[in-house]
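Q: okay, here's the prediction I keep looking at, along with the sequence it came from:
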Amino acid sequence: MDFRTPGPAHPLILDDVRGAQKMLAGVARMTALEGSRHLSGLVGAPVHLKCENLQRTGSFKLRGAYVRIAGLRPEERAAGVVAASAGNHAQGVALASSLLGVRSTVFMPVGAPLPKVAATREYGAEVVLRGTVVDETLAAAEAYARETGAVFIHPFDHPDIIAGQGTVGLEILEQCPEVRTIVVGVGGGGLAAGIAVAVKAVRPDVRVVGVQAAASAAYPPSLAAGRPVVIDPAPTMADGIKVGRPGDVPFALVQELVDEIRTVSEDELSSALLLCMERAKLVVEPAGASPVAALLSDPGAFRGPVVAVLSGGNVDPVLLQRILRHGMAAAGRYLSLRLRLPDRPGALAALLASLSVADANVLDVSHVRTDPRLGLTEVEVEVHLETKGPEHCLEVGAALRAEGYRVIS
């Protein structure tokens, strides 16, 4: 398989993906397909999770990177490869290069999470921290390629990359031959395009649904315009699918083969990540949880059996902590209240006793005695509580008001 000039003039076919699958034998794992009872109950049909978060390097990116680098000519391999990435693509290129004996240099943003930087180095790449945003990092990597002759390995805009990612689709058909809908996160479009090429060639009746973070969704306006357009992506926790412009090669395939592109909110992403951890016992990054977010937001829209592709699990622990808190708040599992109490001994203890009776777990208490807004004999208390859900939140508030507490917010 040799695609030397990427672009719509070189469409992929099923044989390309099958060739990639043979190339990846013994390199990429056939990741597990796990059933989800909770999601199946919501959708009203079987829902399975394709666990690419358990792939080597923690995401599907190894597949495309290996196929692309393995297809280089000997003189190209000798020149080495270079990539730009904040995480998953970096690790995929690093490991693929090491397995193939090719020197790799990976440019990463200065603020890239330290675990991802360390993992990329451990896989054998030379890491260069350059730029504060991915666009600056990308420009630095392309300049390095021009100066040194190293081959630039694009994260999604090359047929070899897409063919490698398409092997996920072949595995889904093998593991769940009765599948009727596949839901997959979309950034530049390489994974969705590859899966669609593989699946539609064998089962044209299978519906392929792409999912983007609403804050950085480049595909809806691009599809409306009939060509890739540039957007200014807003901040999103799903940095793995935060792309300002679809790739030319995947866009043509997504436009032809993907049935629908949906968007999900930040609250839906965090709730999906929390569900994956609590119900499926799977650590998934926000981009990888986007298909689950789509199922949660509109479960009746998906014909089953459904396969949701969990595309990656590389999430920084500090970010994970913040996201889990956000997810619990979105799910009504956190409650913050401000109350005015009389400034006398035992008032705070009485409040905490009332919260205990209401079965709310106190996480944090802030006690303010000096503030112009307060009366001479008042104090303000802010409490952060862990609750059992939205109904319990209402019950806690009602119980406090029934006891005469003045709840400000």
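A: Looks like it arrived, so ask away.

Q: only C-alpha atoms from now on, for both contacts and neighbour counts.
A: Will do.

Q: show me where this structure has strands.
A: 33-35, 47-51, 81-84, 104-108, 126-129, 151-152, 181-185, 207-213, 260-264, 306-310, 334-342, 361-368, 378-386, 406-407 (DSSP state E).

Q: reformat those strands as CSV; add mean pLDDT and mean neighbour count.
A: Shown next, in CSV, are these (pLDDT from 0 to 100; neighbours: other Cα atoms under 10 Å):
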stretch, mean pLDDT, mean neighbour count
strand 33-35, 97, 17
strand 47-51, 98, 26
strand 81-84, 96, 28
strand 104-108, 95, 28
strand 126-129, 95, 17
strand 151-152, 97, 22
strand 181-185, 98, 28
strand 207-213, 97, 26
strand 260-264, 97, 19
strand 306-310, 98, 28
strand 334-342, 79, 18
strand 361-368, 77, 14
strand 378-386, 79, 19
strand 406-407, 80, 16
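
Q: which one, of those, ends up nearest to residue 239?
A: Residue 239 lies closest, by Cα to Cα, to one member of those: strand 207-213, at 9.1 Å.

Q: pull up the pairing partners for the closest one, direction included.
A: strand 181-185 (parallel), strand 260-264 (parallel) (DSSP bridges).

Q: quick one: which of these is nearest residue 347?
A: strand 260-264 (43.9 Å).

Q: report the buried residues of the lengthiest helix in the chain.
A: Longest helix of the chain, by residue count under DSSP state H: helix 159-175. By neighbour count on 16 or more other Cα atoms under 10 Å, the buried set for helix 159-175 is 159-173.

Q: now it, how far from the chain's geometric center?
A: Distance, stretch centre to chain centre, for helix 159-175: 18 Å (Cα atoms, centre = their mean, to the nearest Å).

Q: re earlier: redo the strands of the chain as JSON lines? Include distance to residue 287.
A: Output for the strands of the chain, formatted as JSON lines (distance: least, Cα to Cα, whole Å):
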{"stretch": "strand 33-35", "distance to residue 287": "18"}
{"stretch": "strand 47-51", "distance to residue 287": "13"}
{"stretch": "strand 81-84", "distance to residue 287": "18"}
{"stretch": "strand 104-108", "distance to residue 287": "18"}
{"stretch": "strand 126-129", "distance to residue 287": "23"}
{"stretch": "strand 151-152", "distance to residue 287": "24"}
{"stretch": "strand 181-185", "distance to residue 287": "7"}
{"stretch": "strand 207-213", "distance to residue 287": "8"}
{"stretch": "strand 260-264", "distance to residue 287": "11"}
{"stretch": "strand 306-310", "distance to residue 287": "8"}
{"stretch": "strand 334-342", "distance to residue 287": "23"}
{"stretch": "strand 361-368", "distance to residue 287": "29"}
{"stretch": "strand 378-386", "distance to residue 287": "26"}
{"stretch": "strand 406-407", "distance to residue 287": "38"}
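
Q: quick one: which of those strands is nearest residue 325?
A: Closest among the strands of the chain, using Cα to Cα: strand 334-342, at 7.9 Å.

Q: remind me what that closest one packs against, helices and strands.
A: Applying 3 or more Cα pairs under 8 Å, 6 or more residues apart in numbering; DSSP states H and E, one finds that strand 334-342 makes contact with helix 317-330, strand 378-386, strand 406-407.

Q: related to what we said a few turns ago, redo the strands paired with strand 207-213 as TSV? Include distance to residue 282.
A: Shown next, in TSV, are the strands paired with strand 207-213 (distance: least, Cα to Cα, whole Å):
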stretch	distance to residue 282
strand 181-185	17
strand 260-264	20
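
Q: of these, which is nearest residue 306?
A: strand 181-185 (4.8 Å).

Q: tell me which helix or strand in this protein has the weakest average pLDDT.
A: helix 317-330 (a mean of 75; mean pLDDT, DSSP states H and E).

Q: could you tell me the angle between that helix and strand 334-342?
A: 70 degrees (axes from the mean of the first three to the mean of the last three Cα atoms, to 10 degrees).

Q: ok, and what's touching helix 317-330?
A: 237, 267-274, 334-335 (Cα atoms under 8 Å, 6 or more residues apart in numbering).

Q: which among the residues you listed end up buried?
A: Buried, going by 16+ other Cα under 10 Å: 237, 267-274, 334-335, out of the contacts of helix 317-330.

Q: for the least confident helix or strand of the chain, what is the distance to the chain centroid?
A: Worked out by Cα atoms, centre = their mean, helix 317-330 lies 14 Å from the chain centre.

Q: also stretch 81-89?
A: 16 Å.

Q: contact partners of that stretch?
A: 57-59, 61-62, 65, 90, 93, 97, 102-109, 112-113, 116-117, 120, 134, 137-138, 141, 144-145, 150-155, 240, 312, 314.

Q: thanks again, I'm all set now.
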